[in-house]
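> Here is a sequence together with a model predicted from it:
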Amino acid sequence: MAIEDDVLVIGGGLAGATAALAAAEHDADVRLLSYKQSTLRHASGLIDVLGYTPAGEGPLAEPFEAIPDLPEGHPYERVGVDAVREALLFFDAVAGDAYSGAHTESNALVPTSGGTVKPTARYPAATEAGLASDPRDTLLVGFHGLPDFDAPLAADHLEAAGVPFAARGVTLPFPGIRRDDAKVTRYAHILDRDTPVDTGVGEAPARTALAETVRPHLESAARVGFPPILGDENAGVVRRDLEERLGIPVFEVPSGPPSLPGMRLEDLLYGALGEAGVRVTTGVPVVDYELEPAADGVESGAGDGDDTDAARIDRVLVDRKGREVPYRASEYVLATGGLVGKGIRSRREPVPTDGVDDAATHGTGDDPASSPAYRSSVGSDGAPAEPRTATGSEVDEALARRSGRVFEPIFDCHVPHAPDRYDWFVDDAFGDQPFARYGLTVDRELRPLDGEGDLEFSNLRAAGAVLGGYDYAAEKSGSGVSLATGYVAGSRAGERATEDAE
Amino acid sequence: MSDTEQPTDDHADDEFEPIQVFPEPEEMDLRPGADNCYKCSTCDTNCPVAEVDDEFPGPKFQGPEQWRLKRQDDHDIDDSVMKCSNCMRCDHACPSEVPLSQMHNTARGEYVAENMSKRSLEYWRNRLLSNYGTMARIGSKVPRLTNFVMGLSITKLVNDRLLGITSEREFPEFATETFRTWWADRGGAAIQSDDRRVAYFHGCYSNYNTPEVGKAMVRVFEHFGYEVLVPDQRCSGTPMYANGMLGDARRAAETNVPELAAAIEDGAAVIASCTSCSMSLRQEYPELFDLEGVHEVSDNTWEALEYLRVHEDLEAALSGTAVDLPDLAYHAPCHARNQGLDGQAIEVLDAIDGVDAHDVGDSCSGISGTYGWKSENYDTSMKIGEEMFEHMERADADTGLTECPTCAMQMEHGTGYEIKHPLQVLETALIGENDRSETGGGAESR
Ligand SMILES: Cc1cc2nc3c(=O)[nH]c(=O)nc-3n(C[C@H](O)[C@H](O)[C@H](O)COP(=O)(O)OP(=O)(O)OC[C@H]3O[C@@H](n4cnc5c(N)ncnc54)[C@H](O)[C@@H]3O)c2cc1C
Ligand code: SF4
Ligand code: SF4
């Protein structure tokens, strides 16, 4: 027996979580299955919708005005600007007070730990008092043990960027932590629990001690910014407590990975998943699938006409440490992320040697690293591994040495890419990197398309960074695309699954 | 302590000596794994020890960084690796598939082999703790006496002062009858079947301490018409990896792998009721031991509910059954998480009327096998467990649920709750209350 649900979402990042929540709105039984932790853990926690156009214009003040001009194939173009709005409303309802920015369609400008200013659509409430459009004079506080946030440098950069306030930075010891590579979770934990710490002149609760350390440096500052370590489970309480003690607003400056705001967003989403009754399974990857036996002659289902001849996925196989366990649903959402999430992989050696051979997908099984073939087949460069399907392309010798393959490892959905690896990147580091746009092409319902533009499967939709046609890092559109496409893919999957069930 | 390794049968055994049986850790090439690390620190933010222990450098250092250092020169393994509890949460976290726990296990093995004095009390204490099966086998021969002696405050004091085994914990009681004795007295399998056959890997704990879990396994599988085999077996190795005793673990594997492979050859699937045992057979065995049959064992091992769920219509079988457990506080063991089993117990038990199991959150229980038994780790262990205790206390009833015997110990220790295994709940639902009086006499025909 397979483990059965109506909708199965593969991938537990922002796109997958949003898709699962949206599908659950349709009273479908939903399961979210995720291999490892997602990029939420190192993303900043900001919800960027669109900060720059693909041509690099920006920062954009009005992202929604720019969306209709995006090129064909961009995920926002696929779902349409209204769906992006709806998805943000959906997010606002899930996030509640934890996020700000819902009052306007314009981008907010948020100072980052590098001292740059970033356009974003929604930001954690803890970031609110720090907005760069706010003219209040600002003190930034960094800690010796957290070198990633150099407060004096960030303050200088902000002033140089022309912010409408005076910024000053200091680096202080964090009471209670001496080692210089303590984890951010440790800082947060101490503040969460207000653990008594040694201040040098006796013990004091951590928040009191921190406030006392900062107070002498406040001078004329009207707000004070910290790296994002102000609590985890009790972050709201920690911040208000510090505000009371210091007498001025306290905010967090979003930073790079590892990022507590990202973890808090993850907690928030997974809490909502629990409440929505979504079943969550983690720690194991989907490695393969099986098709429904073709219904000979009879075209089943209430097809829209366009998907009647596309194959249907019957079940996916999940590798539970060597064991392949079937999971079955009527609709599937693929939200496995891009290169970082491992939803898209690339490999150096390329050329399919023998034809289509499904058995080869699983490797030989005698690899002492025990890794399921899934891992070994896509592992280190040069490892002999069989591409899932051979496209039969005949590549000449010279190209063969430089050629590579970019692929989607579960369903082998079509990923358009240059066969020559030398064409994946351009020399100019700030140039338009083709590689960044690699991903699946989809129809307007987000169903993946093959090389001919036909549906790969009728009951698979894709969302988030696994999609092609956009460069989230350059556009600052990562979270927005995940939200919008996750929302659309999940809603459609939920609708379809409940229709099918009737 | 002569015949350390034979928990189940009595042939004399080779004296164990602290020699390196395991292939040199350097032979394992984990460098590609280290190169996969892109330093995102996601692992560090998941490490329960680093979160509460200022002295512990965390998995990123322990794993990829240490491996890189080692490659550059003849770098000794940092002693902090002994603080890692082997909870494997870092494995579960890493988005880049760095084999962290394999690195920790190998590093710990090397550290113990090369840097830890074989005369130190710490070494022997660890050896003792990780060979729990041996202690248990001796102890359970005279369970009442052992329970009495272990409960004495003088014993605890000696353990604590001399050996560094914390006196804060109550030693788990030995059952008056081990699972294997019960099994033998009952005449073995009650059902014979050629096409429905499973081999039970009970592990040490459900043999010596909680035979009711083993009995529940047998009754539930027999209820579904399976022939249950109980092959000879030794410890799964989990406590040994955590203590760097890879030689001991390998010796145990040398018994387990052929025994289980033979059962598989006979058409059985291997079933474990402890999620650390299934984890070890599935992942650590093939990662660490190049033994014949190790992959067959890995590929054919299942956790008990997992197997039933995939091979039977468990939901249909449970619908209409009822058990009165309206508020069960469920903790998913870290090792269950890594096998994709985190939501399973709650999902399955949901089909039983009157059972309402709540997840108490994804924190670590903090005990991690032998880790929380060491005096020097006790406080850390309880700090890690704090979050779970708090969430458990919020539950109305006073029954906990988990698959892992040491998590169960910690849950009981921190809250005083009675802790059940999901199989026991299934047993009550499908068959009725565990009939404890059942001894020998062959088939039960309910
Ligand atoms: C360092 C960093 C910083 C970023 N900062 C920002 C920012 O400030 N603002 C912003 O808007 N965006 C940011 N982004 C981008 C943003 O996080 C992502 O673009 C986007 O949210 C991707 O989400 P996702 O859900 O599609 O994929 P991911 O978050 O990558 O999640 C994919 C999930 O799928 C799982 N998975 C993969 N393969 C399988 C399989 N075979 N079976 C089961 N599960 C599988 C993975 O384990 C993972 O959990 C950042 C990204 C990175 C890497
Ligand atoms: S999570 Fe993986 S990639 Fe990230 S720092 Fe840890 S080992 Fe490296
Ligand atoms: S196994 Fe657990 S304790 Fe050890 S480094 Fe990894 S997360 Fe930390």
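Ah, there it is. Numbers count the residues shown, from 1 in each chain, chains lettered A, B, ... in the order given. Ligands and ions are numbered 1, 2, ... in the order given.
> what about stretch A:268-280 and ligand 1, any contact?
No. Stretch A:268-280 lies apart from ligand 1 when judged by Cβ under 6 Å from any ligand atom; the minimum separation is 10.2 Å. No exception for glycine: its C-beta is placed from N, CA and C like everyone else's.
> any weak-confidence spans in the chain?
All of this refers to chain A. A:295-308, A:349-401, A:426-432, A:502 (pLDDT under 70).
> that's the other chain; I wanted chain B
B:1-33, B:71-74, B:130-164, B:167-172, B:433-446.
> Pull out the buried residues from the longest helix seen in it.
Ranked by number of residues, the top helix in chain B under DSSP state H is helix B:246-265. By neighbour count with 16 or more other Cβ atoms under 10 Å in any protein chain shown, helix B:246-265 contains the buried residues B:246-253, B:255-261, B:263-264.
> Who are the contact partners of the closest residue to chain B within the stretch 151-300 of chain A?
With Cβ to the nearest Cβ, the shortest gap between the stretch 151-300 of chain A and chain B falls at A:V284, namely 3.3 Å. Contacts for A:V284 were tallied using Cβ atoms under 8 Å, 6 or more residues apart in numbering or on different chains; they are A:33, A:35, A:318-321, B:339-340.
> Pretty sure A:A465 sits against A:G343.
Yes. Under the criterion of Cβ atoms under 8 Å, A:A465 makes contact with A:G343 at 6.5 Å.
> joint contacts of those two?
Joint contacts of A:A465 and A:G343 (Cβ under 8 Å, 6+ apart) are A:G337.
> now the helices: where do they sit in the stretch 1-150 of chain B?
Using DSSP state H, counting those that start in this stretch, the helices of the stretch 1-150 of chain B run over B:31-35, B:48-52, B:59-60, B:66-72, B:89-93, B:100-115, B:121-130, B:132-139, B:143-151.
> how much does the longest helix of chain B deviate in direction from helix B:121-130?
Our comparison of helix B:246-265 with helix B:121-130, counting by axes from the mean of the first three to the mean of the last three Cα atoms, to 10 degrees, yields an angle of 10 degrees.
> for helix B:246-265, packing partners?
helix B:100-115, strand B:197-201, helix B:238-242, strand B:269-272, helix B:285-288, helix B:294-299 (3 or more Cβ pairs under 8 Å, 6 or more residues apart in numbering or on different chains; DSSP states H and E).
> Can you tell me how far the residue of the stretch 151-300 of chain A closest to chain B is from B:A304?
Separation of A:V284 from B:A304 (Cβ to Cβ, to the nearest Å): 17 Å.
> and if you look at A:T281?
Per Cβ to Cβ, A:T281 is found 17 Å from B:A304.
> repeat for A:R328
From A:R328 over to B:A304 (counting by Cβ to Cβ), the distance is 22 Å.
> what about these two, which has more around it?
The neighbour count for A:R328 versus B:A304, taken as other Cβ atoms under 10 Å in any protein chain shown, is higher for B:A304 (26 against 18).
> how about the residues of chain B that lie near ligand 1?
Going by Cβ under 6 Å from any ligand atom, the residues of chain B near ligand 1 are B:P95.
> Can you check which strand is longest in chain B?
Ranked by residue count and defined by DSSP state E, the top strand of chain B is strand B:322-330.
> since we're on the nearest residue to A:D180 once chain neighbours are set aside, how many residues are nearby?
Spatial nearest neighbour of A:D180, excluding adjacent residues (Cβ to Cβ, 6 or more residues apart in numbering or on different chains): A:G145 at 4.8 Å. Residue crowding around A:G145 was assessed by other Cβ under 10 Å; the count is 17.
> how about stretch A:75-94, does it reach ligand 1?
No. Applying Cβ under 6 Å from any ligand atom, one finds stretch A:75-94 out of contact with ligand 1, separated by at least 10.4 Å.
> could the helices and strands packed on helix B:246-265 go into CSV alongside mean neighbour count and distance to ligand 3?
Listed next are the helices and strands packed on helix B:246-265 as CSV, based on neighbours: other Cβ atoms under 10 Å in any protein chain shown; distance: least, Cβ to the nearest ligand atom, whole Å:
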stretch, mean neighbour count, distance to ligand 3
helix B:100-115, 23, 6
strand B:197-201, 25, 23
helix B:238-242, 28, 9
strand B:269-272, 25, 20
helix B:285-288, 26, 14
helix B:294-299, 22, 20
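> looking at these, which is closest to chain A?
helix B:285-288 (3.3 Å).
> Please list the outside residues in contact with the closest one.
Helix B:285-288 has contacts (Cβ under 8 Å, 6+ apart) with A:322, A:368-370, B:22, B:99, B:102, B:105-106, B:237, B:241, B:246, B:249-250, B:253, B:257, B:291, B:294-295, B:297-298.
> chain center to it, what's the gap?
16 Å (Cα atoms, centre = their mean, to the nearest Å).
> So A:L260 sits against A:H189, correct?
No. If you go by Cβ under 8 Å, A:L260 and A:H189 don't touch, sitting 10.5 Å apart.
> More neighbours: these two, which one.
The neighbour count for A:L260 versus A:H189, taken as other Cβ under 10 Å, is higher for A:L260 (26 against 21).
> What sits closest to that one if chain neighbours are left out?
Nearest one to A:L260, counting by Cβ to Cβ, 6+ apart, is A:P228 at 5.0 Å.
> now swap in B:A242 and tell me
B:N86 (4.0 Å).
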